[in-house]
Structures are given as structure tokens and as C-alpha cells.
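**Student:** Got a sequence here, can you build the structure:
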Amino acid sequence: MSRALYNEVYHRPIKSKHTNIYLKSHNSIVMARNLALVIILYLFLIFLHFSTSCLGAPRRTTNPVSDAIADQITDQITDQLRKTLKKQFQKNNENNDTANGEVPQSSGTYEVSFTIGTPPQNATAILEIASGFIWTQCKTCDVCLNQTTPLYNPQSSSTYSNFSSPNCNSTNSNYRDVCDYIGITPDACPDDSCYYARNYYQGQNSSGLYATDNFTFGSTSVSDIVFGCGLENYGDYDNSSGILNLGWGPLSLVSQARIMRFSYCLSSDQRKKSTVNFGSHAKLQGPGQSTPLIRNHRYPNWYYVGLANITVGTTLLDIPSSTFKIREDGTGGVYLLTNEWPLTYFEVAAYDLVKQAIVSMMNQTTVDGSDLGLDLCYKNVTKWPTLTLHFDGGATLKLKTVNYVYKDADTGRQCLAILSWKGESSLGSLIMMDTNFVYDLENKTISFERCFSDSTSSVISNIPHLITTMALFLFCMLKFF
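**Tutor:** Next up is the predicted model:
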């Protein structure tokens, strides 16, 4: 287009017949171009969803029923998820004396609301991933704990039943899996009542009857859930009804509801909403990183990961490769904990190296933290060395200070929220704060990315991913066309 015509088009009406013909032709070209751009953008968005298929990567199989349940459970649990705060650290010794320091928000438990039975009875439970078992207090309990909702009454539910030997002959495959797991035989429970006993840390435990009933999350009901009807319960569960478990075993919610993916992002800041997602909702928002989930035959309910090494500051530690490995007898390894225990434990050899590196970099006098049950404490700290965890497959997780430092507001002390443990390691809830963890149980991987990140830095960090994705898109377009 000439400059003269450009001026005519944009600055005053043009009455030339030839010009009108040109403009009509030009407008048609512009409309065609815009339509083409819209089509390309649409194809690109489709590609973002199915990008792995053109490269021959495996597609995840789905179960429409369980995925629908997972999506609806997500909506209800995320809406109801609330955090309760632990009031104090407890000393890690035999007499279990308590300290006065307030635990930071990030070490709290996370509680969800749902209903049990027909008609529905309100219940709450602490969400956790380690024990592999669901239980709630029952009204028939002999030793009962305080809770915010009325005790669940089995006699008021038309869908309640005891779980015992006859269930093992059921056509329900989940029942058979449960029977195999807990070792119920045809003559194991002659009185039609099978009993459970679960022990947790620091004297917390629950015992009672195995039972089945319907669990409802919002408008979605999951029938015939096997759970524990708690008759004798001890410990502090933050006034909740019991435990709702997302572990790997057949008694967990994800196993019984046939849910193959779940994720959580637990906030260290109560002003920001924590989320738990299931099914198609459980996904990364950006490229993220992944490492294999490891199954330990000795503790099949727990999720293990391969921790390869640790960097303190800029120093990659010389930790022997066998330190974090699961041994043939099932001891050792690194397992994941949420909610109930905030601290992280490293095997002695690894902890000693981490502590030594921090002490050398801090270059100041330590103070006593034994009343808090913590080992390495300072006062008047302005900055801690960064910690980075290196996992199998090359994934790395750079921790924020809130993930590994406890700050005692009363005394001004700052303590390393990591302790040593002989023979095994575990990653506690503090380390998991502010990170979106996605569990893919079908492909046995755990992926992660930071959540609650600054929006600008998030966009900048995703630029390489977008460039790569666009390149893959062009490759697939050339491949198909």
C-alpha cells in the first residue's frame, strides 16, 4: 500500500471506485489472515494439552468414573481445607516434655470436612500420606477425644456394616485387596468383628473395629469405604474426628476410590489458600521437575524418593551414595511425611555433613536449643546458607528458609529444623511447604514446582518452556502437514 493510499484510508473517506475495490479486497485478506491466526492459536492450545502424543510419549489411561469422582472430591476438599496450628514443639526425648515456643504456621496440620453414612453425618479428618489408613471416632468409643463435630454413630447409618471374614469372599476386588493386606482369613474374626490397632508418634494411637460405609465429599459419594471405627483413641488430633489418608496402601482414600493422581500445595502463610487436588486437577502449572516414587516392600504404604545429595550454600556435600538408599531388608531410604510431623530427619552421616557445612558458613556462636528438641540454634541471624536437595533423575529442590529453619519468637532463637536419625531419613511437612507436589501413582513419579511464586518471576521462568513448546508445535505441524 502506498503512503498516499495509507493516508487516505486512515485519515479521510475515499470515494474512488477503484480504491473501494482495493479496500474490499484488502479487508478480505485481513479477515482471512486473522482467521488463520485464530486457527493456528487454537491448534497451538490443543497441542499444549496433547504435546507428548506427537513425540510418541505414553498417554495416561483414564477411568471416567474415578476421574469424575476425583474432580468432585477436589472441589470439596479444596473448599473445606483449613489449617490448624500446633501449639508447641515437643522434645525429642523419653519424657516428652513440651516447650513454650510457638511452632510456625507451616508446621500445622491440614483438616478436611466430609460426611459419613446414610443419612450423612458430619466428620473432619487430618489429611496425611504416611499411615495408609482411614479412621474416625465412633459414638460407641470407650476412650474418646474432643472433636468439633458430633461423634459418628454407626447405628444411625443404614449403609454401615462391620468388615470381617465374609467380606473376603466378596466380588468387590477392593475388599479382597484389603483382606490380603491386613491378613484376614475365613476364621480370623469368628464373631463377625475384626479389630485394628494403629500406633503413631508420641503416644498417639487408635484401635477399634474395621467397618465399611459411604463417604461423601460435597455431592460425590464413594461407597463401601473400608475404615476404622475408633473405640479407644489417644493423643492430640487438633479436635478432628480422625485421619484421612492418601498413602499407597489399599486402605487409603486414593486406593479405594481408584484415584491415580493427586497433588497438594500447603501454604506457610495463612493468608494464602492451601489446595489439594485429585484426578485431572492434579497437575503442574509450569514445566516443573520429576523424580521416581519408590516402593519399599517393608513399608508398602509409604512414599519413598531417591535423594542423591545435598548442597549447602554453593558447596555440594560429599555424601556417600549409599546413605539414602533402601537396603535389601527394607531399612534406610527417604520417605515423605506431611502434616503430623514438621521436622526433617537425615541419616546420621548426611546430617553431620550438613551441620558441619552450616556451622562453617555461619561463623558465629551457637546457642542451646535442647528445650525445643533442636540441635543447631543461633541468635541474631540475618541470613542462613541455602539448602538444595538433589534427587534421582536430576531433579533439584532449592529450599526457602521457612522450609528448614524454626524461628522462636519468644527467645529470638533460630534453629535448624532438621535432626539426625540412625538408619533412615524422612522429609517433613516444613520442607514441603509452598511447593506443589504432584503424585502420579500410575507412572510412579512425583513432580514438583514452587507455588505462590511472584507472577513476574513465574512468567520469566516459563519463557524457556514456552520456546521449547512452540518449537515442538512447529515440528508436529511439519510432521502432520
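
**Student:** Show the pLDDT at Arg82.
**Tutor:** Predicted confidence (pLDDT) for Arg82: 42.

**Student:** least trustworthy helix or strand in this protein by mean pLDDT?
**Tutor:** helix 3-11 (a mean of 31; mean pLDDT, DSSP states H and E).

**Student:** Pass me the low-pLDDT residue ranges in the chain, would you?
**Tutor:** Applying pLDDT under 70 to the chain flags residues 1-109, 186, 190, 201-202, 338-340, 452-481.

**Student:** Kindly recompute the last result at 50.
**Tutor:** By pLDDT under 50, the weakly predicted segments of the chain are 1-24, 26, 48-65, 78-107, 454-466, 468-469, 472, 476, 480.

**Student:** all helices of it, in order?
**Tutor:** Under the criterion DSSP state H, helices of the chain are mapped to 3-11, 17-50, 64-80, 173-182, 253-256, 348-362, 401-404, 429-432, 455-480.

**Student:** For the fourth one, which helices and strands make contact with it?
**Tutor:** Contacts defined by 3 or more Cβ pairs under 8 Å, 6 or more residues apart in numbering; DSSP states H and E place helix 173-182 against strand 220-234, helix 253-256. Where you see a C-beta, it was placed from the backbone N, CA and C, and this is true even at glycine.

**Student:** which of the ones you listed is buried the deepest?
**Tutor:** helix 253-256 (a mean of 24; mean count of other Cβ atoms under 10 Å).

**Student:** Can you check which of the helices and strands packed on helix 173-182 gets nearest to Ala417?
**Tutor:** Ranking these by proximity to Ala417 (Cβ to Cβ) places strand 220-234 first, at 26.2 Å.

**Student:** just the angle between the closest one and helix 173-182, please?
**Tutor:** Strand 220-234 and helix 173-182 meet at an angle of 20 degrees, taking axes from the mean of the first three to the mean of the last three Cα atoms, to 10 degrees as the criterion.

**Student:** Show me what strand 220-234 is packed up against.
**Tutor:** helix 64-80, strand 135-137, helix 173-182, strand 205-217, strand 242-245, helix 253-256.

**Student:** quick one: that strand to strand 205-217, angle?
**Tutor:** Going by the same axes, to 10 degrees, strand 220-234 makes 160 degrees with strand 205-217.

**Student:** I would like the residues contacting stretch 324-332, please.
**Tutor:** With Cβ atoms under 8 Å, 6 or more residues apart in numbering as the test, stretch 324-332 has contacts from 294, 296-299, 304, 306-308, 333-334, 347, 350, 423-425.

**Student:** Quick check: the two most widely separated of these?
**Tutor:** It's His297 and Ala350 that sit farthest apart of those, by Cβ to Cβ, at 23.2 Å.

**Student:** For the two, indicate the residue with more neighbours.
**Tutor:** Neighbours were counted for His297 and for Ala350 using other Cβ atoms under 10 Å; Ala350 has more, 23 against 9.

**Student:** My guess is the more buried one contacts Asp318. True?
**Tutor:** No - under the criterion of Cβ atoms under 8 Å, Ala350 makes no contact with Asp318, lying 10.4 Å away.

**Student:** thinking again about what came up before, just the buried subset of the contacts of stretch 324-332, please.
**Tutor:** Buried subset of the contacts of stretch 324-332 (neighbour count, 16 or more other Cβ atoms under 10 Å): 294, 296, 299, 304, 306-308, 333-334, 347, 350, 424-425.

**Student:** Distance to Asn233 added to the residues you listed, as a markdown table?
**Tutor:** Output for the buried ones among the contacts of stretch 324-332, formatted as a markdown table (distance: Cβ to Cβ, whole Å):
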| residue | distance to Asn233 |
| --- | --- |
| Ile294 | 32 |
| Asn296 | 28 |
| Tyr299 | 23 |
| Tyr304 | 29 |
| Gly306 | 36 |
| Leu307 | 34 |
| Ala308 | 40 |
| Gly333 | 30 |
| Val334 | 30 |
| Glu347 | 33 |
| Ala350 | 36 |
| Glu424 | 27 |
| Ser425 | 30 |
